[in-house]
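generate coordinates for the sequence data below:
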Amino acid sequence: MIRSVVHLKKSHTLKKNYNIILFDGVCHLCHGAVRFILKRDLNDRFRFAPIQSSFGRMYLKAHQTDKLIPDSIILLENDQYYDKSTAIFRILKELGGFWGTLYYLINIPRPIRDFLYDLVAHHRYRIFGRYERCPVPNPEWENRFLH
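Below you'll find the predicted structure:
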C-alpha cells in the first residue's frame with residue numbers, strides 16, 4: 001500500500017494506506033472498470049487516479065514507467081507496481097468473495113494473459129469509445145480520486 005501523504009481535491013489529505021489504481025482517464029472501458037471496483041470495494045482499499053492526471057504523470061515520471069502508458073492499468077500496492085492482467089487479478093483478489101476466486105486465473109502464464117489484455121487494450125477505444133477529456137467523478141466517490 002502507498003504510504004506517502006497525497007493531497008486530494010478539496011484539500012483532503014490521504015494518510016491511510018491504500019492501493020492506488022492508475023487508469024486511462026479518457027477510456028469508457030476503464031471508467032466502467034473503476035465504477036465496478038468502487039461499487040464492490042466495501043473495505044475502502046482503493047484510490048484512483050487517471051494516468052493523465054498530475055498524480056499519474058508524477059508517479060510515472062518518478063518510476064520511469066511511461067512506456068506502459070496509456071494501454072495499461074497500473075496497481076500500486078505495497079510499494080510495488082503491477083500492470084496489465086496481473087494488476088486486474090490482484091484487484092479482484094482484494095475485492096474478495098466471488099471476484100477474489102478469479103485471482104487463481106493468475107496461474108495462466110503471463111504471456112497468454114497479457115496477450116489477451118493487450119488485444120482488448122489495443123481496440124478499447126474502437127469498441128467502447130472514449131471521452132474527449134477525463135470526466136469528473138460522481139460526488140459520492142470524489143474523495144476516492146487523487147489529484
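
now His28: how far from Arg126?
For His28, the distance to Arg126 equals 11 Å [CB to CB, to the nearest Å]. Where you see a C-beta, it was placed from the backbone N, CA and C, and this is true even at glycine.

please, where are all the strands along the protein?
Ranges of strands in the chain, per DSSP state E, are 6-7, 13-14, 19-23, 46-50, 74-77, 80-83.

buried stuff in stretch 73-88?
For stretch 73-88, the neighbour count (16 or more other CB atoms under 10 Å) marks 73-77, 81-88 as buried.

now do stretch 26-37
Buried residues in stretch 26-37, counted by 16+ other CB under 10 Å: Val26, Cys27, His28, Leu29, Cys30, His31, Ala33, Val34, Ile37.

what distance do you get for the last one to Glu132?
With distances taken as CB to CB, Ile37 is found 24 Å from Glu132.

any chance of CSV for the buried residues of stretch 26-37, columns distance to Arg144?
Shown next, in CSV, are the buried residues of stretch 26-37 (distance: CB to CB, whole Å):
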residue, distance to Arg144
Val26, 19
Cys27, 18
His28, 19
Leu29, 19
Cys30, 15
His31, 13
Ala33, 14
Val34, 9
Ile37, 10
